[in-house]
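**Q** Mind folding the following:
(one chain, ligands or ions: 2)
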Amino acid sequence: MLQLNNPALLRRQCLIAGVWADADDGSTMDVTNPATGEAIAAVPRMGAAETRRAIGAAKTAMQDWQRRTAKERAAVLRRWYELLLANQDDLAAILTAEQGKPLAEARGEIAYGASYLEWFAEEAKRVYGDTLPGHGADKRVIVIRQPVGVTAAITPWNFPNAMIARKVGPALAAGCAMVLKPASQTPLSALALAALAVDAGVPPGLFSVVTGSAGDIGAELTGNPLVAKLSFTGSTATGKTLLAQCAATVKKTSMELGGNAPFVVFDDADLDAAVDGAIASKYRNAGQTCVCANRLYVQAGVYDAFADRLAAAVAKLKVGNGTEPGVTQGPLIDENAVRKVEEHIADAIAHGGEVVLGGRRHALGHGFFEPTIVKHANARMKVAREETFGPLAPLFRFETEDELIALANDTEFGLASYFYSRDIGRIWRVAEALEYGMVGINTGLISSEMAPFGGIKQSGMGREGSRYGIDDYLELKYLCIGGIDR
Ligand SMILES: NC(=O)C1=CN([C@@H]2O[C@H](COP(=O)(O)OP(=O)(O)OC[C@H]3O[C@@H](n4cnc5c(N)ncnc54)[C@H](OP(=O)(O)O)[C@@H]3O)[C@@H](O)[C@H]2O)C=CC1
Ligand SMILES: O=C(O)[C@H](O)CS(=O)(=O)O
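**A** Ligands and ions are numbered 1, 2, ... in the order given. Below you'll find the predicted structure:
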């Protein structure tokens, strides 16, 4: 049983149009702990009708919200930020219970999510327009930026707090409303976030959370003409489905999709720093992040040395229930996730790979899996083409810089990439040649509310965070004032 300082944060109803509600038909769905399989709570199984009401309430609430001054909107976001930090322990406990990550990582995620509310409370006050030279003596041209309208968000289970804050923060800062469908495996973090939104003074109806049938809720969010924009984080396959569904009403979309990050160690790298970066990038959240190193390319001259040092570091990772002190690897989210890792390992072995560490389900059972390293990885393996989304580090060997660039870019994904080198010429050549939205150079951790997070190719479109992140929630309007000469 969850022990919370503020039990009111464990919500079993959805926030719809400012009211905590059950599903219209009373149906519910269980939320289970991936470390133990135990049911934590049940939440409403809602559908199109409840979603439609939330959208209508959002449209109404936005009329007043967008007329408030930027400073007034900023004050509410700032208060929400402060409440997340004041309730960090409880929010982390809820997150670890439903998602599995170690408490230290969960606390870090709460701080990370809160930082987006803080950042966009500030950005709300910096939505500037333009005055442009008129195209005639009697003309004056002004560009203003206005909120895009009612927005929808669909978010994943791997960061059930931060991926929501990263969307609702800029949306409300810009003057928009938002209707959110969180992942069914981790809805409790979203509902706790909504409870604190109410306490922070987010007006009724401006932010609704609808849990339940992805297909029915998603169809309403993508098909309802009152929704101007959809922001999605999740798999590329689902992103394509949602993009297609948004086409009928030409909704604006922001897509943060799958990845296949190369992590490159050149022979001039600081190997200890590269090992630290590989651990941070590969094994954070048990490898369940879209920016995890998915392919590790090591130049031939340092391949064995890096492999040995990485194995020594990975051997120190502690697998266990995220609530236990010292645990650094929680369970994978579900059986499908475990099977995907097993499939990638079996395929790697079948194509000449050698498991030098781990390689099996952990003795703890449930979703637990041994942190794994495979040597002699090659382009014929599934790990070269597919996102593993688990604690598997396949080590590929390469000889030259040109060969590496071709290998690293040989994917339909383009989200994150990483490389370690201390040669300034190589750093510029490789950073410019990599076809990714983000490049970590001598670091394995790149995510920050202050930087533009996002990808290219089939990793998505749009940026979240930084001064660019609010643009996705604004429209430019051009005012042409004539008659100035009369
Ligand atoms: N880029 C990223 O950050 C992430 C990438 N992934 C990748 O996706 C793979 C599968 O993970 P998974 O959780 O299944 O990711 P999905 O993309 O299936 O789920 C992400 C979100 O989309 C919702 N969703 C799924 N299908 C639909 C639909 N037809 N209409 C509306 N909403 C929908 C889900 O709802 P519900 O939970 O109710 O199914 C969830 O809220 C992972 O193994 C990983 O490769 C996954 C998560 C995050
Ligand atoms: O979707 C994800 O996996 C997150 O965006 C990763 S991060 O922002 O926490 O790096």
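**Q** Would you map the strands across the stretch 351-486 of the chain?
**A** Using DSSP state E, counting those that start in this stretch, the strands of the stretch 351-486 of the chain run over 354-357, 372-377, 392-398, 416-420, 438-441, 460-461, 474-481.
**Q** how about stretch 190-200: buried residues?
**A** The neighbour-count check on stretch 190-200 (16 or more other C-beta atoms under 10 Å) flags Ala190, Leu191, Ala192, Leu193, Ala194, Ala195, Leu196, Ala197, Val198, Ala200 as buried. All C-beta spots, glycine's among them, are computed from the backbone N, C-alpha and C.
**Q** Which members of these occur in helices, if any?
**A** Ala190, Leu191, Ala192, Leu193, Ala194, Ala195, Leu196, Ala197, Val198, Ala200 (DSSP state H).
**Q** Quick check: of these, which lies closest to ligand 1?
**A** Ala190 (9.7 Å; C-beta to the nearest ligand atom).
**Q** what's the most buried one of the strands of the stretch 351-486 of the chain?
**A** strand 416-420 (a mean of 28; mean count of other C-beta atoms under 10 Å).
**Q** List of residues touching that one?
**A** 259, 261-266, 269-270, 273-274, 277, 281, 290-291, 293, 408, 430-431, 434, 436-444, 446, 455 (C-beta atoms under 8 Å, 6 or more residues apart in numbering).
**Q** Out of those, which are close to ligand 2?
**A** Contacts with ligand 2 within the contacts of strand 416-420, as defined by C-beta under 6 Å from any ligand atom: Cys290, Val291.
**Q** Buried subset of the contacts of strand 416-420 as a PyMOL selection?
**A** The PyMOL command for the buried members of the contacts of strand 416-420 (criterion: 16+ other C-beta under 10 Å) is given here:
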select buried, resi 259+261+262+263+264+265+266+269+274+277+281+290+291+293+408+430+434+436+437+438+439+440+444+446+455
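**Q** tell me the strands in the stretch 101-250 of the chain, going along the chain?
**A** Going by DSSP E, counting those that start in this stretch, the stretch 101-250 of the chain shows strands at 130-132, 140-147, 150-154, 177-181, 207-209, 227-233.
**Q** CA atoms of stretch 350-358 as PDB?
**A** This file holds the C-alpha atoms of stretch 350-358, laid out as PDB (Å, rounded to 0.1, in the frame of the first residue of the first chain):
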ATOM      1  CA  ALA A 350      22.200 -15.800 -34.000                       C
ATOM      2  CA  HIS A 351      24.100 -13.200 -36.000                       C
ATOM      3  CA  GLY A 352      27.400 -13.700 -34.300                       C
ATOM      4  CA  GLY A 353      27.000 -11.600 -31.100                       C
ATOM      5  CA  GLU A 354      28.600 -12.600 -27.800                       C
ATOM      6  CA  VAL A 355      26.900 -11.900 -24.500                       C
ATOM      7  CA  VAL A 356      29.700 -10.800 -22.200                       C
ATOM      8  CA  LEU A 357      27.300  -9.700 -19.300                       C
ATOM      9  CA  GLY A 358      23.700 -10.500 -18.300                       C
END
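**Q** coming back round to it: in helices only, show me the contacts of strand 416-420.
**A** Filtering the contacts of strand 416-420 for helices - DSSP H - leaves Ala273, Ala274, Gly277, Ser281, Ala408, Val430, Ala431.
**Q** Can you pull the residues of the stretch 251-400 of the chain lying near ligand 2?
**A** So the stretch 251-400 of the chain meets ligand 2 at Thr289, Cys290, Val291 (C-beta under 6 Å from any ligand atom).
**Q** May I have the predicted confidence score for Met1?
**A** We have a pLDDT of 76 for Met1.
**Q** Let me fix that, I meant to ask about Ala21.
**A** Reported pLDDT for Ala21: 98.
**Q** Residues in a beta bridge with it, which ones?
**A** Ala21 has these beta-bridge partners by DSSP bridges: Cys14.
**Q** separation between it and Arg11?
**A** Using C-beta to C-beta, to the nearest Å, Ala21 is found at 11 Å from Arg11.
**Q** How about Lys251?
**A** Lys251 is 29 Å from Arg11, by C-beta to C-beta.
**Q** Check this protein and tell me which residue is nearest its centre.
**A** By C-alpha atoms, centre = their mean, the chain has its centre lying nearest to Met163, at 4.4 Å.
**Q** Out of the strands of the stretch 351-486 of the chain, which gets nearest to ligand 1?
**A** It's strand 460-461; of the strands of the stretch 351-486 of the chain, that one is closest to ligand 1 (C-beta to the nearest ligand atom) at 7.8 Å.
**Q** can you list the residues that contact that closest one?
**A** With C-beta under 8 Å, 6+ apart as the criterion, strand 460-461 contacts Thr236, Gly239, Thr253, Ser254, Met255, Glu256, Leu257, Leu415, Gly454, Gly455.
**Q** can you tell me which residues contact the first one?
**A** Contact partners of Thr236, counting by C-beta under 8 Å, 6+ apart, are Leu257, Gly258, Phe413, Gln458, Ser459, Gly460.
**Q** Try it again at 10 Å.
**A** 255, 257-260, 290, 387, 412-413, 415, 455, 457-460 (C-beta atoms under 10 Å, 6 or more residues apart in numbering).
**Q** Check the last one too.
**A** Contact partners of Gly455, counting by C-beta under 10 Å, 6+ apart, are 236, 255-259, 261, 290-291, 413-417, 436-438, 461-463.
**Q** and if we set it to 7 Å?
**A** Neighbouring residues of Gly455 by C-beta atoms under 7 Å, 6 or more residues apart in numbering: Leu257, Gly259, Gly414, Leu415, Tyr436, Gly437.
**Q** from those residues, which are also near ligand 1?
**A** Okay, of the contacts of Gly455 touching ligand 1 (C-beta under 6 Å from any ligand atom), that's Leu257.
**Q** tell me which residues in the helix of greatest length in the chain are buried?
**A** The residue-count maximum for a helix in the chain (DSSP H) belongs to helix 103-123. Within helix 103-123, the residues that count as buried by 16+ other C-beta under 10 Å are 103, 105-121, 123.
**Q** that older thread, between Ala21 and Arg11, which one's more packed in?
**A** Higher neighbour count among Ala21 and Arg11: Arg11, with 21 against 18, using other C-beta atoms under 10 Å.
**Q** Would you mind giving both backbone torsions of the more buried one?
**A** phi -100, psi 140 (degrees, to the nearest 10).
**Q** got a list of what the residue lying closest to it once chain neighbours are set aside touches?
**A** Nearest-residue entry for Arg11: Leu191, 3.7 Å, with adjacent residues in sequence omitted and distances by C-beta to C-beta, 6 or more residues apart in numbering. Each residue near Leu191 by C-beta under 7 Å, 6+ apart is listed here: Arg11, Val43, Val209.
**Q** what number of residues lie near the residue lying closest to Gly469 once chain neighbours are set aside?
**A** Leaving aside its chain neighbours, Gly469 sits nearest to Pro170 (5.0 Å; criterion: C-beta to C-beta, 6+ apart). Neighbour count for Pro170, taken as other C-beta under 10 Å: 30.
**Q** if I look at Pro170, how far off is ligand 1?
**A** Separation of Pro170 from ligand 1 (C-beta to the nearest ligand atom, to the nearest Å): 17 Å.
**Q** Enumerate the residues of the stretch 301-450 of the chain near ligand 1.
**A** So the stretch 301-450 of the chain meets ligand 1 at Glu387, Phe389 (C-beta under 6 Å from any ligand atom).
**Q** quick one: low-confidence parts of the stretch 301-450 of the chain?
**A** In the prediction, the stretch 301-450 of the chain carries no residues with pLDDT under 70.
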